[in-house]
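Student: please work out how this folds:
(chains A and B)
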Amino acid sequence: MKVFCLYTLIGLATIVGQTTILRLPVFQGVFYDLLIPLIIFVRLHLTLRASGLLALTVGFVMDLFSGGVFGLYMTVYLWIFLLVQGVSNYFNVQGTACRSALIALCVLGQNLVFLVSTAHPWKGWHWLSAQTWPVLGQIVLAAVTGPAVLSLLETMHRSLEAPEEMSRRKQGRILANDE
Amino acid sequence: MFSKRLLTTFCLILFAAVNFILLSISAKHRQGNSACDRVVMAGMAPFQEGVTQTIRFCEHVWRHYFSLVTTRQESDHLQEVLAKMRLEKSQHLESEIACQRFRKLLLLDTDTPLSQRLLAAQIVGLDPSIWFRTVIINKGVHDGVSKGMPVIAPEGIVGQVVAASYGYAKVLLLTDRSSAIDALVQRTRTRGIVEGEAKAYCHFKYVVRKAEISVGDTVVSSGLDGVFPKGLRVGSVMEISKGPSAIFQEVSIRPFVDLERLEQVLVILES
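Tutor: Presented below is the predicted three-dimensional model:
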């Protein structure tokens, strides 16, 4: 529960950062959705229920702050969740290359879903030209920095788990001594 | 009876179908404003406001204390501009008095001044995605803001309120692809619809081919959409192209308001 709350807080803090600092003109819209590495991470390290709930929670909040159709972010995060579940069954997702490809794929997928949701075929496609470079920038940045973000989260997760593990071991020893 | 793989595929297809249906329903009943939405927005937006204020404070310190190199030249230039503006103001004042006189002569009701119905608000958050153009402002239902209210800046139209919580509201910018404003060219009174393009500029659509329009013309709201009052500045004509057999002209307009660097806006509480 404590770990779940902590990751939810990290998710909410990421949302605040993404809707303020990372949308400054200086970043030119090339920063990808940082919640994607978080969703991937929680799916790999937390239980199915906790990670699913977290994906839905952050998706709900993102939907509230976004101008798109309500439910779009929840949809994207749920599909990312399922994709990670599927990929982790067949591939070793501990490798940097695999992680890099996975995050880049998720960023591309998210942008494709947004493209489909905003596209009006009868209005033409000329407007897409303005989005091509930012999206490509996002994918490249995600592929380059995504594994590092995951590693950072893992380091934090290990430091969180260490005291809990120690206390569990201590309790185990005490119980063994009592017996 | 069925293999596990087949069952998984079937479940995925079913999930995708349900997902698509739910999204379609959500798109039809766009921007619901339930109590839960309002509570979450009211809980999160103060943090956004805090971060935005911190960024602005840093910018303020930088602009006012570190980059004062060209201040003297700027001051001289602004003095000149101010002198010109004063002259223009006196001319406008004369025009306004004349206009009021004519209104009385024509027995028309005078409109209430716009300034009495305006509410100043600060932008505290921006849309997290590059595909949508919305901002969060620090005024909500508590301050009299409600869905559908027009939002402007001194330079022109910004957008309209699409959702409001207790102390915050979400504003759809005029550059968003789902935004549309009924507008006309100030000089020739040619009508059309200003639609967002998810870029820095908008399209002025349904302008008939024979209509006279040129680069630099000012486009203002027509007041016919029932959202924006008549005469609010939208943007200036940037580019015109006429296809060989098209009925309408392709007109691009650059909004007067720099939406990328917008900090304060005004909400028109009654329109």
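
Student: skip the chain neighbours and tell me the closest residue to residue 15.
Tutor: Answering for chain A, as no chain was given. If the residues on either side of it in the chain are set aside, A:Ile15 comes closest to A:Val61, at 5.6 Å by Cβ to Cβ, 6 or more residues apart in numbering or on different chains. Bear in mind the C-beta positions are built from the backbone N, C-alpha and C, glycine included.

Student: um, chain B though
Tutor: Of all residues not flanking B:Phe15 in the chain, A:Leu82 sits nearest, at 7.8 Å (Cβ to Cβ, 6+ apart).

Student: can you give me the helices for the chain?
Tutor: All of this refers to chain A. A:2-18, A:35-45, A:48-65, A:72-90, A:96-118, A:129-178 (DSSP state H).

Student: that was the other one, I meant chain B.
Tutor: Secondary structure of chain B (DSSP H): helices located at B:4-28, B:35-61, B:71-105.

Student: of those helices, flag the one that's most buried.
Tutor: Mean neighbours per residue, mean count of other Cβ atoms under 10 Å in any protein chain shown, is largest over these for helix B:35-61, with a mean of 16.

Student: and that helix, what other elements does it pack with?
Tutor: In terms of contacts (3 or more Cβ pairs under 8 Å, 6 or more residues apart in numbering or on different chains; DSSP states H and E), helix B:35-61 is packed against helix A:2-18, helix A:48-65, strand B:118-126, strand B:134-137, strand B:156-164.

Student: repeat that with 10 Å
Tutor: Here helix B:35-61 touches helix A:2-18, helix A:48-65, strand B:118-126, strand B:134-137, strand B:156-164, strand B:169-173, going by 3 or more Cβ pairs under 10 Å, 6 or more residues apart in numbering or on different chains; DSSP states H and E.

Student: what's the angle from it to helix A:48-65?
Tutor: Relative orientation of helix B:35-61 and helix A:48-65, computed by axes from the mean of the first three to the mean of the last three Cα atoms, to 10 degrees: 70 degrees.

Student: so what's residue 82 up against?
Tutor: Chain wasn't specified; assuming chain A. Neighbour list for A:Leu82: A:43, A:52, A:55, B:11-12, B:15-16 [criterion: Cβ atoms under 10 Å, 6 or more residues apart in numbering or on different chains].

Student: A:Gln94: which of these is nearest?
Tutor: The shortest distance between A:Gln94 and any of the contacts of A:Leu82, using Cβ to Cβ, involves A:Arg43 and amounts to 13.8 Å.

Student: and the residue nearest to A:Ile15, how far from B:Arg38?
Tutor: Distance of A:Val61 to B:Arg38, given as Cβ to Cβ, to the nearest Å: 13 Å.

Student: okay, the contacts of A:Leu82 in CSV with pLDDT and distance to B:Ser34 next?
Tutor: Supplementary listing: the contacts of A:Leu82 in CSV, determined by pLDDT from 0 to 100; distance: Cβ to Cβ, whole Å:
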residue, pLDDT, distance to B:Ser34
A:Arg43, 91, 28
A:Gly52, 91, 22
A:Ala55, 92, 21
B:Cys11, 84, 29
B:Leu12, 84, 29
B:Phe15, 84, 24
B:Ala16, 84, 26
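
Student: and the residue lying closest to B:Ile268 once chain neighbours are set aside, how many neighbours?
Tutor: Nearest residue to B:Ile268 in three dimensions, chain neighbours excluded: B:Pro150, at 4.7 Å (Cβ to Cβ, 6+ apart). Applying other Cβ atoms under 10 Å in any protein chain shown, we find 22 residues neighbouring B:Pro150.

Student: hmm, B:Pro150 is touching B:Leu266, no?
Tutor: Yes. Look at B:Pro150 against B:Leu266 with Cβ atoms under 10 Å: they come within range, at 9.2 Å.

Student: quickly list what's touching both of these two.
Tutor: Common contacts of B:Pro150 and B:Leu266, defined by Cβ under 10 Å, 6+ apart, comprise B:Val158.

Student: just want the most central residue of chain A.
Tutor: For chain A, the residue nearest the mean C-alpha position is A:Ile36 (2.3 Å; Cα atoms, centre = their mean).

Student: number of nearby residues for the residue of chain A found nearest chain B?
Tutor: Distances between chain A and chain B by Cβ to the nearest Cβ are smallest at A:Gly67, namely 3.3 Å. Residue neighbour count, defined by other Cβ under 10 Å, stands at 26 for A:Gly67.

Student: how about the one 5 residues further on?
Tutor: Using other Cβ under 10 Å as the criterion, A:Leu72 is surrounded by 26 other residues.

Student: do A:Ile21 as well
Tutor: The burial metric for A:Ile21, expressed as a neighbour count using other Cβ under 10 Å, is 16.

Student: hmm, it is touching B:Gly50, no?
Tutor: No. With contact defined as Cβ under 10 Å, A:Ile21 does not count as touching B:Gly50 (11.7 Å).

Student: hang on, the earlier thing: pull up the gap between the residue of chain A closest to chain B and A:Phe114, please.
Tutor: Applying Cβ to Cβ, one obtains 11 Å for the distance of A:Gly67 from A:Phe114.

Student: what touches both of the two?
Tutor: By Cβ under 10 Å, 6+ apart, A:Gly67 and A:Phe114 have these common neighbours: B:129, B:131-132.

Student: and those residues near chain A, which?
Tutor: Among the shared contacts of A:Gly67 and A:Phe114, the residues that sit close to chain A (Cβ under 10 Å from any Cβ of the partner chain) are B:129, B:131-132.

Student: return the residues in contact with the nearest residue to A:Phe4 once chain neighbours are set aside.
Tutor: When the adjacent residues along the chain are set aside, A:Phe4 lies closest to A:Ala50, with 4.8 Å between them (Cβ to Cβ, 6+ apart). When the contact criterion is Cβ under 10 Å, 6+ apart, the partners of A:Ala50 are A:1, A:3-4, A:7-8, A:42-43.

Student: closest one of the residues you listed to B:Phe204?
Tutor: Nearest to B:Phe204, judged by Cβ to Cβ, of those is A:Thr8 at 44.9 Å.
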